[in-house]
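# Structure for the following, please:
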Amino acid sequence: MFIVVITTLLLVFHIDVLPISIMEARNFITAREMIDDGNWLLTTMNGEARYEKPPLPTWITALFGLIFGLEKLWALRLPAILMFGLSSYGIFAISKQLVNNFNLALLNSVITITSFYILAIIFEAPWDIYTHGFMIIGILFLLKHFLHKNNLYLFIASFFIGCSILSKGPISIYALLLPFLIAYGIVYKYKFSKPVVLKIIGVVILSLLIGGWWFLYVRMVDPDTFLKITEKETGNWNSYNVRPFYYYWSFFANSGLWLIPAFVSLLYPYLKNKVSNLKAYQFSLIWVLASLVLLSLVPEKKSRYLVPTLIPLAMNCGFYMEYVIKHFKYFKLKEKIAPVFHFSILIIVALAIPAVLLFQFKEVIFADWFYSTLLIFSALASGTTMMWFLKKRDVKNLTIASVAFYGSILFFGMPLVKHLPKHNYTPITDLKEEINFSNINLFNLNEVSPEIIWQYGDKIPEIDIDELASISQHKELAILVTNLEDSQQAFLEQNFEIIRLKTYDLNWSKVGSKGHKNRLTVQLLKIKKL
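Below is the predicted model of the structure:
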């Protein structure tokens, strides 16, 4: 129940204030076209086949869209947040199975909820939380079978592993399940026999049937498109975002709030004689390192791919924090450095928030004095409370205060996001009505960004130069263009009468700044063939 409450307080109330990310836009467009066009199996984005991602998360999102309305962003984001909560519960339950310690299991769950990138993935690439969330529950029931020998748990595990496959293919099998199996085998040992092997084969077959039927269906119904997309996706593994092997080895930094404890929790020689359950600690550590190594072997690397490593890292971190909470009062000076440094940073950040708001975001304070006041007050209260508990060497309440501080930033800070300056922001929400009223066809040239298509509210068919060349004389079209090549610009000027109607810009940041994305700026042109 506590996990549900804290997840709700952290996220549910203000989930619609952040702008849509490119991955969200792609997924929400696909969900919209499921509803509008009935493309529930042969999924599309902007009218084109989109078989890169399996459809289970999109089905769930489309269902919420049907119930609450596609125009309600909070409704489309809510399922991913529910999966986030489910993942946190899975870590709690796995920890409870391993250590039979409610307080440690709850601590592990709270660390999961408040780890930066596990939270950020909900908005950056929400389908990832589905595949990993389902897999965590699948792992939970595998573990329960290992411990209690109940075959029913195998069927439940197979179902959730299949759901993970149906959410994003075999990604979580490789990055989360396989490292778990390696870690469990090393620490707790497998006892293989013929019945055990048969059960393993049964789990594999059932999981693949649940998770793989859609791939088989699309392969049979639309084989050419499916193979083309598959070749492109597999090619990206060796040619897109290729990073060196060691690229992920600062992974613990993605824990955010828990950066320093997460790093210390990896120091096995230091902690091996201090943790409350050595085998469970060894298990979580090997799970983390196995996931890290396997992910490092893949040439294509992105920060968000690290989430499967951060999930067991939360458990690993919990063992260290439990030790600090219980024994900090008896630490020698050298041992105090890491936890004192950790909490001191949080105290400094908390006490600095009011000054940052007052000097850098005055317009935000004037726009929403209510939440600004609450944020300033909660930051000051959190900072002084953490100082008090640090002075008293009360790490248990210090940890609770730091989590409360993190929650207050989200709860009181997120509503202020909508009041941040939006430099030259020009939404495209009214264009669809204008196009319908003018009775003119709208196309896009050079592949308009998914965020623009989502905000437009309908498909914007793509057109190329050859198609423009073949249109009849005097015919009028409206086109959205971005990043025109010189040859394309010359072609349009030579063959068309061009009227520049408007520029739409979904960026919040200034042109030329680091956060400005050229793909979010498009020009609306009205063209007539000469």
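# Can you name the residues that contact Ser303?
Each residue near Ser303 by Cβ atoms under 8 Å, 6 or more residues apart in numbering is listed here: Tyr117, Asn254. Just so you know, the C-beta spots here come from the backbone N, C-alpha and C atoms, and that holds for glycine as well.
# Could you tell me the per-residue confidence at it?
For Ser303, the pLDDT comes out at 77.
# what's the spacing between it and Tyr247?
9 Å (Cβ to Cβ, to the nearest Å).
# now do Ala469
In terms of Cβ to Cβ, Ala469 sits 45 Å off from Tyr247.
# Between these two, which has more neighbouring residues?
Between Ala469 and Tyr247, counting by other Cβ atoms under 10 Å, Tyr247 is the more crowded of the two (17 against 10).
# okay, now the closest residue to that one other than its chain neighbours: neighbour count?
For Tyr247, ignoring the flanking residues on the chain, the nearest one in space by Cβ to Cβ, 6 or more residues apart in numbering is Lys301 at 4.9 Å. If you count neighbours by other Cβ under 10 Å, Lys301 ends up with 17.
# Contacts only, for Lys301.
By Cβ under 8 Å, 6+ apart, the contact set of Lys301 is Asn241, Val242, Arg243, Tyr247, Tyr248, Leu295.
# Would you mind listing which of these are buried?
Tyr247, Tyr248, Leu295 (16 or more other Cβ atoms under 10 Å).
# mind checking how far the first one is from Val448?
Read it as Tyr247. For Tyr247, the distance to Val448 (Cβ to Cβ) stands at 31 Å.
# Hmm, Lys502 is touching Asp430, no?
No: contact criterion Cβ atoms under 8 Å: Lys502 and Asp430 do not qualify, at 10.1 Å.
# neighbour count winner among those two?
Higher neighbour count among Lys502 and Asp430: Lys502, with 14 against 11, using other Cβ under 10 Å.
# and the more buried one, that one's in a helix?
No: judged by DSSP: H, G, I helix; E, B strand; the rest coil, Lys502 forms no part of a helix; its state is strand.
# State the distance from Tyr247 to Tyr305.
For Tyr247, the distance to Tyr305 - Cβ to Cβ - is 10 Å.
# about what we covered before: quickly note the distance from the residue nearest to Tyr247 to Arg243.
Per Cβ to Cβ, Lys301 is found 4 Å from Arg243.
# any weak-confidence spans in this structure?
Scanning the chain for pLDDT under 70 picks out the ranges 1-12, 235-240.
# Could you say which helix or strand holds the most centrally placed residue in the chain?
By Cα atoms, centre = their mean, the chain has its centre lying nearest to Ile121, at 1.5 Å. Assigning secondary structure by DSSP states H and E places Ile121 in helix 116-124.
# Check which residues of the one helix or strand Leu106 maps to are buried.
Element membership of Leu106 [criterion: DSSP H and E] is helix 102-113. Neighbour counts using 16+ other Cβ under 10 Å place Leu104, Ala105, Leu106, Leu107, Asn108, Ser109, Val110, Ile111, Thr112, Ile113 of helix 102-113 among the buried residues.
# Please identify which pair of these lies farthest apart.
Comparing all pairs in those by Cβ to Cβ, the longest separation belongs to Leu104 and Ile113, at 15.2 Å.
# ok so, going back, let me know the closest of the buried residues of helix 102-113 to Leu410.
Looking across the buried residues of helix 102-113 and measuring by Cβ to Cβ, the closest to Leu410 is Ile113, at 10.5 Å.
# what's the closest non-adjacent residue to the closest one?
That would be Ser88: by Cβ to Cβ, 6+ apart, it lies 4.8 Å from Ile113.
# Could you count how many residues lie near the one you found?
Neighbourhood size, Ser88 [other Cβ under 10 Å]: 27.
# and the strand or helix carrying it, which residues are buried?
Mapping Ser88 onto the secondary structure by DSSP H and E places it in helix 73-99. Within helix 73-99, the residues that count as buried by 16+ other Cβ under 10 Å are 73, 75-99.
# What residues of stretch 269-283 count as buried?
For stretch 269-283, a neighbour-count test (16+ other Cβ under 10 Å) marks Leu271, Lys274, Val275, Asn277, Ala280, Tyr281, Gln282, Phe283 as buried.
# nearest spatial neighbour of the fourth one, skipping sequence neighbours?
Put plainly, it is Asn277. Leaving aside its sequence neighbours, Asn277 sits nearest to Val99 (Cβ to Cβ, 6+ apart; 4.8 Å).
# shouldn't that neighbour be in contact with Leu107?
No: using Cβ under 8 Å, Val99 is not in contact with Leu107, being 10.6 Å away.
# Quickly list what's touching both of these two.
With Cβ under 8 Å, 6+ apart, Val99 and Leu107 have no common neighbours.
# List the contacts of Lys529.
Ile471, Ser472, Gln473, His474, Lys475, Asn495, Phe496.
# Apart from its neighbours in sequence, what residue is nearest the fifth one?
Using Cβ to Cβ, 6+ apart and skipping residues adjacent in sequence, the residue nearest Lys475 is Lys529, 5.3 Å away.
# Doesn't Val324 belong to a helix?
Yes: checked against three-state DSSP, Val324 lies within a helix.
# ok, it - contacts?
Listed by Cβ under 8 Å, 6+ apart, the contact set of Val324 reads Pro261, Pro339, Val395.
# please redo it, this time with the cut-off set to 10 Å
261, 264, 274, 331, 335-336, 338-339, 342-343, 395-396, 398-399 (Cβ atoms under 10 Å, 6 or more residues apart in numbering).
# Just put the residues you listed in JSON lines and tack on distance to Leu442 and secondary structure.
As requested, the contacts of Val324 are arranged in JSON lines below (distance: Cβ to Cβ, whole Å; DSSP: H, G, I helix; E, B strand; the rest coil):
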{"residue": "Pro261", "distance to Leu442": "53", "secondary structure": "helix"}
{"residue": "Val264", "distance to Leu442": "56", "secondary structure": "helix"}
{"residue": "Lys274", "distance to Leu442": "65", "secondary structure": "coil"}
{"residue": "Phe331", "distance to Leu442": "66", "secondary structure": "coil"}
{"residue": "Glu335", "distance to Leu442": "65", "secondary structure": "helix"}
{"residue": "Lys336", "distance to Leu442": "64", "secondary structure": "helix"}
{"residue": "Ala338", "distance to Leu442": "58", "secondary structure": "helix"}
{"residue": "Pro339", "distance to Leu442": "59", "secondary structure": "helix"}
{"residue": "His342", "distance to Leu442": "54", "secondary structure": "helix"}
{"residue": "Phe343", "distance to Leu442": "55", "secondary structure": "helix"}
{"residue": "Val395", "distance to Leu442": "60", "secondary structure": "helix"}
{"residue": "Lys396", "distance to Leu442": "60", "secondary structure": "helix"}
{"residue": "Leu398", "distance to Leu442": "57", "secondary structure": "helix"}
{"residue": "Thr399", "distance to Leu442": "55", "secondary structure": "helix"}
